[in-house]
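J.: Output the structure for:
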Amino acid sequence: MLSTTMPKSIQSFSPKHIHPFRDGAPREEVYQRGQMTLYRYEPKNKEAPSIPVCVCYALVNKPYMLDLSPKRSFIRSLIEQGLTVYLIEWDNPSEALSTPSLEDYIQRYLGSAVKWICRTHSCPKVNLMGICQGGTFSLMYTALNPERVKNLVTIVTPVDFHAGDNLLSHFAKHWETKTVQKTWSYIPANFMNAGFLQLKPFELMVGKYLGAIRIVNKEEQKDLFMRMEKWVFDSPEQSARCWEEFIRECYQNNHLVQNKMTLGGKVISLTEINCPVLNLTAEKDHMVPGPASFAIEDAISSKDYQHSSFPVGHIGIFVGGVTQKKVGPRIGQWLEERNKEI
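T.: Numbers count the residues shown, from 1 in each chain. Prediction:
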């Protein structure tokens, strides 16, 4: 049986709040609350737009994938567009005094980060950018707090969890989420990794290592491969309470897109989202098929909705060659056109 843990050859000591690679983009820890730490990245252009960008990442992996290497960095592609970027990094939930809920992550942690940025920049709203599950979180937050979001960018983000050929959704429909929650307060990373590897078992557990033989003498490609391996197997624990809520409400019941999901006693109605929305998808995405994300357009009430698709996979949109050339500039241009009015 193949291991789902990080190979010893690529393990390294990564203390809390320290970027695992020494060549990461310069950043500053500026705010912390509960299970959330907020980092600031300065724009390359000091005359940056006045409305900053808050990036909300998924819980299932660590966000340094967005700054994997100097030449393959989604974060650098944003700050090169003159954007002031704030990145939310989720802390280990087992260090919390209580098991965080879905409401904690969205309203308490993400909400406090948005409010802190607004106070710091003396602006009533932020540009919110959500990635994968973090994009779903951002949709939920914007629907509940539309007065706080100027523009919303969603990237490889599912909203209709029963749309398209979604293998993960088919699996999740049969998961006994309550049993998992009763078994663990915090879901081990190995458990989550094993599930994701089963989506494409040959490619992810055999094929990529066979392919690695061809790049053994190509230093740049080999370096990127090793960084990706570290990131893949460096998954954090997850709050079983939040995981159970998210899987049950989104993957199993598909309540979010139906406006039937509640959080803290409030109905999450996606029709409350009337700000400009840019939705980016990946054509070869095996995690979030196109229809699962395309549904955003019909679910919201915004009259300013745009969509762009790129010929890459779920991760390739952030670390592929298309990132610096097309994805970052697309976001920068779209925000620049809408940042003129606060």
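J.: just for this protein, where's the confidence low?
T.: The model of the chain has pLDDT under 70 over residues 1-18, 46-49, 96-97, 191-213, 215-217, 341-342.
J.: Where is the longest helix in it?
T.: helix 219-232 (DSSP state H).
J.: for that one, which positions count as buried?
T.: 223-225, 227-232 (16 or more other C-beta atoms under 10 Å). C-beta: built from backbone N, CA, C; applies to glycine.
J.: Specify which member of the residues you listed is nearest to residue 29.
T.: residue 231 (20.2 Å; C-beta to C-beta).
J.: Now that closest one. Nearest residue, chain neighbours left out?
T.: residue 65 (5.0 Å; C-beta to C-beta, 6 or more residues apart in numbering).
J.: ok, that neighbour - contacts?
T.: Contacts for residue 65 (C-beta atoms under 8 Å, 6 or more residues apart in numbering) come out as 231, 315, 318-319.
J.: circling back: list the helices and strands the helix or strand that the longest helix of the chain is followed by packs on?
T.: Once helix 219-232 ends, the next helix or strand along the chain (criterion: DSSP states H and E) is strand 238-239. If contacts are counted by 3 or more C-beta pairs under 8 Å, 6 or more residues apart in numbering; DSSP states H and E, strand 238-239 sits against strand 186-187.
J.: Contacts for the strand it packs on, please.
T.: 93-94, 99, 180, 237-240, 243.
J.: quick one on the thing from earlier: can I assume the residue nearest to residue 231 sits in a strand?
T.: No. Residue 65 is assigned helix when assessed by DSSP: H, G, I helix; E, B strand; the rest coil, not a strand.
J.: gap between it and residue 254?
T.: From residue 65 across to residue 254, the span is 27 Å (C-beta to C-beta, to the nearest Å).
J.: likewise residue 170?
T.: Counting by C-beta to C-beta, the gap from residue 170 to residue 254 is 13 Å.
J.: more neighbours, the two?
T.: residue 254 (18 against 11; other C-beta atoms under 10 Å).
J.: Buried ones in stretch 177-184, by neighbour count?
T.: 177, 181, 184.
J.: Just the CA atoms of it, as PDB, please.
T.: Extracted in PDB, the C-alpha atoms of stretch 177-184 (Å, rounded to 0.1, in the frame of the first residue of the first chain):
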ATOM      1  CA  THR A 177     -20.300  12.400   8.500                       C
ATOM      2  CA  LYS A 178     -21.800  12.100  12.000                       C
ATOM      3  CA  THR A 179     -19.900   8.900  12.600                       C
ATOM      4  CA  VAL A 180     -16.700  10.600  11.600                       C
ATOM      5  CA  GLN A 181     -17.400  13.600  13.900                       C
ATOM      6  CA  LYS A 182     -18.100  11.200  16.800                       C
ATOM      7  CA  THR A 183     -14.800   9.400  16.100                       C
ATOM      8  CA  TRP A 184     -12.600  12.500  15.800                       C
END
